[in-house]
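Got a sequence here, can you model it:
(chains A and B)
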Amino acid sequence: MNEKVRMEGIFKRFPGVIANDGVDLDIREGEIHALLGENGAGKTTLMCVLAGIYSPDAGTIRIDGEKALIRSPRDAIHAGIGMVHQHFMLVAPYSVAENVTLGLNKPRFLLNERKLEAEVGKVAQSFGIQVDPHAKIWQLSVGEQQRVEILKSLYRGAKILILDEPTAVLTPQEVRELFATLRQMAKAGHTLVIISHKLEEVMSLSDRISIMRKGKRIATVNTKDTNPTELARLMVGREMLFELHKEKATPGDEVLSFCNLHALSDKGLPALRDISLSVRSKEIVGIAGVAGNGQRELAEVITGLRSATSGKVLVNGKDVTNNSPRQVIDQGVAHIPEDRKGAGTAPNLCVLDNLMLKCYRVEPFKNGPLLNLGRIREFAAKLVKQFQISTPSLETPVKLLSGGNVQKLILAREIATFSELMIAVHPTRGLDVGATEDVHQMLLEQRSKGAAILLISEDLDELLALSDRIDVIYEGKFMGEVPADADQIETIGLMMAGKKGEIQQPVPAGIRAQA
Amino acid sequence: MSIFLEKRAQSSRLLSALAPLLAIILALLMGAIIIALSGTNPWEAYREMFVGAFGSGYALSETMVKTIPLILCSLGVGIAFRATLWNIGAEGQLYMGAFAAGGIALAFPQGQGWWLIPLMVLASLVGGALWGLIPGLLKAKLNVNEIITSLLLNYVAILWFQYWIYGPWKDPLGYGFPYTAPFGEGAWLPTLAGTRIHLGLAFAVLAALFLYFLLKSTRVGYEIRIIGENPQAARYAGMNIPGAILLVFAISGGLAGLAGMGEISGVIHRLQPAISPGFGYTAIIIAWLARFNPWLTIAVSFLFGGLLVGGYSLRAFGLSDSLVLILQGLILFLLLGGDILTRYRLRWKGGRA
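Numbering: from 1, shown residues only, chains lettered A, B, ... in the order given. As a prediction, the model looks like this:
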């Protein structure tokens, strides 16, 4: 097969983060090439560079061996590149034919709808895409809208088609139809790039797979020569950086338990399907899994930020299912959220304001309707010192702190204001080695002080180093539970890829007693 | 060759401090072009405006009279902006405050008691707050866009106000003119000797103090700041966001209502179809220029009061005082444009390589 696209040394920096760090990638003509990686690995950025949406800070793109200058989506279309985004870019009240021809300046003046529809219909047919050119976009299902997006690219003469997480919003039937269409297109000589973090999907559809991690391409493998376990390992990485001293767990009473929990994702699809678990004091239970398999939803349901559609959550034996975040916090539940700057802090406000986020409404920090600013200041100064948050002053806006210091601030606040249970989601994502170690030490310290900790992470090494036992989540279900031993890596990898583990999850004692 | 915007890693502090100043200067320059095109020397026109607004004791006192409602409305709009709530409805809330206070004044034409003014103040606060709570409730409970609802309710409020003046409250002794009867003197706000500056000025300063204290030292003020900066963090911290939205709209509307009371009780002394040259809209620009800071709001309001009063001097040149509105519009436009440049930088990408 000929080389269709070659990207060399693609470098793209966004303020504060390097999204693509010198990425080389070659894509062959007529293949289905999967781009696999965690959220934030830089897959979408790389493809947006190819599609002319971002211009790279450095690097070159060759198409059919010739250097191509792609500085806008228009240039990309000209070079035969089309991209179907995760969020469709369609005009809802317009017809399929109108959407497909939108912006083409054709017809130039008078719109002959019937002729246009016939033409679009013919093109659709030639690619085996089933869609009614006359239908309005709002009448179509999500799967059909996606077909319109694909058709839009093909109609513009795209020979290289990029699809960003194309199955994220589809039902299993629609996924099957989509894959059939894509295979047919590849057979007809089109080159396809699929961005995904779903292992099964990549295994069943692609010819070759490139794995990205932290802005770099880690490897490219032939699909038939690999397996999901290897892919999972490549995705999450395996860098043992330091040794932690961890004492043997001596679990106490059950603090958190949930049973038969169900919840929906933001898109309204099932995100948690019937999961049960219990966490006792003085233990850390890890949740492993590839991102997007329900981890975020699980943390949100426990902390009251998302409602469960069925099932129960108990904290210290008290039913907190679908309580408000305030009620859950009042139960002594701390939460290190996935998104430090998005939810965990208000970046424009100062260190003081952010440290008081959870305690401002309780004694002794409140004074009737007023704030006891003197007390709060004392408290904040103590935390900054105790947790070694390096900040010029308490008045410094949090956005000026490094990621590690922001995370220490969140940990300090959560540890200082909670007592019994901590939900930690990706607590060291994006942190450097030193900060990671600090955060790990803090979590272990809390464990020995008697906290129950639920640790959700993508980093297998972190999970193995900190947890006492690990549950693997896949498509919203627990695949099984293993002790946190390094020799369990193979089993965990298999379960992360959706293969059932040997050990079945036990039903939490508290819930059994209640039932 | 193409120009594009690139996000700055940190917004430029120097630029964000200079942006309001540059916006005003640029707006004055553009205004000068318009004045020149209509055949007047812009320099003379501006000088006349300045003298008209700040050039004498009388001018200063008149500017201060206009400043009072501007401060109150801008503080109201500003506290909403702090919570990233866009209350465009100060004008309507001002009218509803005036309606409520005016109703009280008309109900006690002979009223001489000490209680009449406090009662009118209270009525105006409640009237403005209730009117503000309509978009507030819709926003808090149903997430309806408050920009649209608060803006459109302005027209409703003004027409409602005018209905009463053309109808039930029309002065029977007024020869058919659309006025209510004059208020009894007990319903007049006291004024500073020899000027029209009324007690509303004290209300305005007190309101600024109140907001400063609210934001700095109270729990709910802290919640408003967090919600304004990052609603997700507020939700994560378990804050009652709908409750805070309602409170902010009530305060915002109440302050605008109080501005309306000041106008009818301190300046006009009866109700007439128009009681505001768009104080509620100008307040949006002031709040933005003052970056929602209560003290800066007072200073900027004074400048805009001067702009309004100075605008009347333009008539001497045969120019319409609507030039003032043009200048206000230009300032806001340039200010918003300037804000983009503080957060993004312009970059040029070279031609075909």
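
OK, contacts around the residue nearest the centre of chain B?
Centroid-nearest residue in chain B, with C-alpha atoms, centre = their mean: residue B:283, separated by 2.4 Å. Counting by C-beta atoms under 8 Å, 6 or more residues apart in numbering or on different chains, residue B:283 touches B:70, B:73-74, B:76-77, B:90, B:256. Any C-beta I mention is one placed from the backbone N, CA and C, and that applies to glycine too.

Give me the subset of those lying in helices.
B:70, B:73-74, B:76-77, B:90, B:256 (DSSP state H).

What are the phi and psi values at residue A:61?
Here is the backbone geometry of residue A:61 (degrees, to the nearest 10): phi -120, psi 130.

scratch that, residue A:68
Per-residue torsions, residue A:68: phi -120, psi 140 (degrees, to the nearest 10).

How many neighbouring residues does it have?
When neighbours are counted by other C-beta atoms under 10 Å in any protein chain shown, residue A:68 registers 19.

So what pairs up with it in the strands?
residue A:61 (DSSP bridges).

mind checking how far it is from residue A:50?
Plainly put, residue A:68 is 10 Å away from residue A:50 if you go by C-beta to C-beta, to the nearest Å.

Not counting sequence-adjacent ones, nearest residue to the residue of the stretch 151-300 of chain B found nearest chain A?
Using C-beta to the nearest C-beta, the closest approach of the stretch 151-300 of chain B to chain A is made by residue B:238 at 3.3 Å. Among residues not flanking residue B:238 along the chain, residue A:326 sits closest, at 3.3 Å (C-beta to C-beta, 6 or more residues apart in numbering or on different chains).

got it, and residue A:457?
In space, and not counting its chain neighbours, residue A:457 is closest to residue A:463: 5.3 Å by C-beta to C-beta, 6+ apart.

host element of the one you found?
Following DSSP states H and E, one finds residue A:463 within helix A:460-466.

How about the backbone phi and psi for whatever residue of the stretch 201-350 of chain A ends up closest to chain B?
The nearest approach of the stretch 201-350 of chain A to chain B comes at residue A:326, 3.3 Å away (C-beta to the nearest C-beta). Backbone torsions for residue A:326, taken as degrees, to the nearest 10, come to phi -60, psi -50.

what about the stretch 51-200 of chain B, any weak spots by pLDDT?
Along the stretch 51-200 of chain B, segments meeting pLDDT under 70 are nowhere present.

The residue nearest to residue A:457 and residue A:284: what is the separation?
9 Å.

Alpha carbons of stretch B:28-46, as PDB, please.
Provided in PDB are the C-alpha atoms of stretch B:28-46 (Å, rounded to 0.1, in the frame of the first residue of the first chain):
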ATOM      1  CA  LEU B  28     -14.000  60.500  21.600                       C
ATOM      2  CA  LEU B  29     -11.800  60.500  18.500                       C
ATOM      3  CA  MET B  30     -14.500  58.700  16.500                       C
ATOM      4  CA  GLY B  31     -17.100  61.100  17.900                       C
ATOM      5  CA  ALA B  32     -14.900  64.000  16.800                       C
ATOM      6  CA  ILE B  33     -15.100  62.700  13.200                       C
ATOM      7  CA  ILE B  34     -18.900  62.600  13.400                       C
ATOM      8  CA  ILE B  35     -19.000  66.200  14.800                       C
ATOM      9  CA  ALA B  36     -16.600  67.400  12.100                       C
ATOM     10  CA  LEU B  37     -18.700  65.800   9.400                       C
ATOM     11  CA  SER B  38     -21.700  67.800  10.600                       C
ATOM     12  CA  GLY B  39     -19.700  71.000  10.200                       C
ATOM     13  CA  THR B  40     -18.700  71.800  13.700                       C
ATOM     14  CA  ASN B  41     -15.200  72.100  15.200                       C
ATOM     15  CA  PRO B  42     -15.000  69.000  17.400                       C
ATOM     16  CA  TRP B  43     -12.500  70.600  19.800                       C
ATOM     17  CA  GLU B  44     -15.000  73.500  20.500                       C
ATOM     18  CA  ALA B  45     -17.900  71.100  20.900                       C
ATOM     19  CA  TYR B  46     -16.000  68.900  23.300                       C
END
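
chain center to that stretch: distance?
Centre-to-centre, stretch B:28-46 and its host chain are 26 Å apart (C-alpha atoms, centre = their mean, to the nearest Å).

So for it, what gets flagged as buried?
Applying a neighbour-count criterion of 16 or more other C-beta atoms under 10 Å in any protein chain shown, one finds B:30-32, B:35, B:40, B:42, B:45-46 buried in stretch B:28-46.

need the residues of the stretch 351-500 of chain A near chain B, please.
A:353, A:356-358, A:360-361, A:366, A:369-371, A:373, A:399-400 (C-beta under 8 Å from any C-beta of the partner chain).

again, only using 6 Å
A:357-358, A:360-361, A:366, A:369-371 (C-beta under 6 Å from any C-beta of the partner chain).

Tell me which entries of those lie within strands.
A:366, A:370-371 (DSSP state E).

Among those residues, the buried ones, what's the PyMOL command?
Here is the PyMOL command that selects the buried residues among these (16+ other C-beta under 10 Å):
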select buried, chain A and resi 366+371
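
Which member of the ones in strands among the residues of the stretch 351-500 of chain A next to chain B is positioned nearest residue A:194?
Proximity of those to residue A:194, judged by C-beta to C-beta, is greatest for residue A:371, which lies at 52.2 Å.

okay, among the buried residues of stretch B:28-46, which ones form the most distant pair?
B:30 and B:40 (15.0 Å).

Are the host helix or strand of residue B:33 and chain A in contact anywhere?
For residue B:33, the host element (DSSP H and E) is helix B:13-37. No - Helix B:13-37 stays clear of chain A (C-beta under 6 Å from any C-beta), getting no nearer than 11.0 Å.

what separates the next helix or strand after that helix from the chain centre, distance-wise?
Where DSSP H and E defines the elements, the next helix or strand beyond helix B:13-37 is helix B:42-54. Relative to the chain's own centre, helix B:42-54 is displaced by 23 Å; criterion: C-alpha atoms, centre = their mean.

Next: stretch A:451-460.
With C-alpha atoms, centre = their mean, you get 16 Å for stretch A:451-460.

Quick one: end-to-end distance for it.
Stretch A:451-460 has an end-to-end distance of 22 Å (criterion: C-alpha to C-alpha, to the nearest Å).

Touching that stretch from outside, list them.
Identification of contacts with stretch A:451-460 by C-beta atoms under 6 Å, 6 or more residues apart in numbering or on different chains yields A:38, A:236, A:255-256, A:279-281, A:284-287, A:291, A:295, A:299, A:421-426, A:447, A:463, A:466-467.

give me the number of residues near residue A:58?
Other residues lying near residue A:58 total 12 when counted by other C-beta under 10 Å.

From what I see, it and residue A:11 are in contact.
Yes - counting by C-beta atoms under 6 Å, residue A:58 touches residue A:11, with 4.1 Å between them.

Pop out the phi and psi values for residue A:270.
Note on residue A:270: its backbone torsions stand at phi -60, psi 130 [degrees, to the nearest 10].
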